[in-house]
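Engineer: sequence first, predicted model second:
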Amino acid sequence: MKKLIFLSFILIFLCQACSLTSYKFFRSYITQYRLYEDIELDTTTSGNIVIRGHKITKHYSYDSDGNNKERYDELCKLHNDISYNTKRSYMVSPLWGVCSAVDFISIDVVSESDFDDTHSKGVSLNDIVRFVSISPKKFIDSKYSATFDWEKDKPEIFKQDSIINRIYHIYEKQNYFPINKLLSEIGIDEMQLLPITYYDCGFLVFDKEPTLEKEHTLTITIKASNGKTYVKTIKKTFK
């Protein structure tokens, strides 16, 4: 009798799950862009700097209406994400392709005090600071064929900081490639389709520590695709 009751519960659960499953044709891989009001900075427990979107104000989605749908279509076209053309099933909401509606064009980092012998006060630190994040851009650019093996090839920098490591724990992580480049070397098209997981868009990681003062007030200037320039300061104490 107990076994029969248990099987009945399983059957009911499966029926409910099936009723929540939807099927839809998706022209684009990105199903939703999220726009935030501002950018804020924070530090992880390991001392790396988090660039975080603050206060989501709009969602541009495949099922939006009116101006929001128009903006969604514009963003898909801008990122060449218009030929996915796949019918997919999903539970409740298709969250495999959720990205920030704001791309970064450039990031510049300076300190208000001398950093080392080659980086005096106000001199760009971009040659010793790297931007770390993830993006499905390479997957989309490859016509939805290229993937990344996170189990085998995950960069060490993701393993060294638990907060950075959590950023790739998303739906279909194999379609998201790591971004891990010095700010002085990163291209204008390499900070696109950034995540908004936990509101974290990316991280700034120093390759070197200062040889002079250990506490620095850093000014970080971010030029973004929405036409805004975000200028933020943060204090960082190096070990």
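Structural biologist: Sure, I can see it. Numbers count the residues shown, from 1 in each chain.

Engineer: what's the distance between residue 159 and residue 35?
Structural biologist: 31 Å (CB to CB, to the nearest Å). (Glycine included, C-beta is placed from N, CA and C.)

Engineer: again but with residue 50, I slipped
Structural biologist: From residue 50 to residue 35 the distance is 19 Å (CB to CB).

Engineer: so which residue is dead centre in this protein?
Structural biologist: residue 195 (2.0 Å; CA atoms, centre = their mean).

Engineer: is it in a helix, a strand, or coil?
Structural biologist: Using DSSP: H, G, I helix; E, B strand; the rest coil, the structure places residue 195 in coil.

Engineer: hmm, it is touching residue 201, no?
Structural biologist: Yes: between residue 195 and residue 201 there is a contact at 6.5 Å, judged by CB atoms under 8 Å.

Engineer: which residues touch residue 150?
Structural biologist: Residues near residue 150 by CB atoms under 8 Å, 6 or more residues apart in numbering: 168, 173, 174.

Engineer: what's near enough to touch the first one?
Structural biologist: Remark: with contacts taken as CB under 8 Å, 6+ apart, residue 168 is in contact with 134, 150, 154, 158, 176, 178.

Engineer: and for the first one, the neighbour number?
Structural biologist: Each residue near residue 134 was counted by other CB atoms under 10 Å, and the total is 25.

Engineer: over to the fourth one?
Structural biologist: A total of 19 residues lie near residue 158 under the criterion other CB under 10 Å.

Engineer: helix, strand, or coil at it?
Structural biologist: helix.

Engineer: that one touches residue 164, doesn't it?
Structural biologist: Yes: in terms of CB under 8 Å, residue 158 counts as a neighbour of residue 164; the distance is 5.5 Å.

Engineer: circling back to that earlier point, need the overlap of contacts for residue 195 and residue 201.
Structural biologist: The contact lists of residue 195 and residue 201 share 100, 133, where a contact means CB under 8 Å, 6+ apart.

Engineer: what are the boundaries of the strands in this protein?
Structural biologist: 21-26, 32-43, 49-61, 86-91, 98-100, 104-111, 129-135, 177-182, 200-206, 215-224, 229-237 (DSSP state E).

Engineer: quick one: contacts for residue 62?
Structural biologist: Going by CB under 8 Å, 6+ apart, the list of residues near residue 62 reads 26, 27, 28, 31, 32, 72, 94.

Engineer: can you show me the CA trace of stretch 75-84 as CSV?
Structural biologist: Coordinates of each C-alpha in stretch 75-84 appear next as CSV, following Å, rounded to 0.1, in the frame of the first residue of the first chain:
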residue,chain,number,x,y,z
LEU,A,75,20.6,44.1,-28.8
CYS,A,76,20.3,40.7,-30.5
LYS,A,77,21.1,42.2,-33.8
LEU,A,78,24.0,44.3,-32.3
HIS,A,79,25.6,41.1,-31.0
ASN,A,80,24.9,39.1,-34.2
ASP,A,81,22.7,36.8,-32.3
ILE,A,82,19.9,36.4,-34.8
SER,A,83,20.4,32.9,-36.3
TYR,A,84,20.1,30.5,-33.4
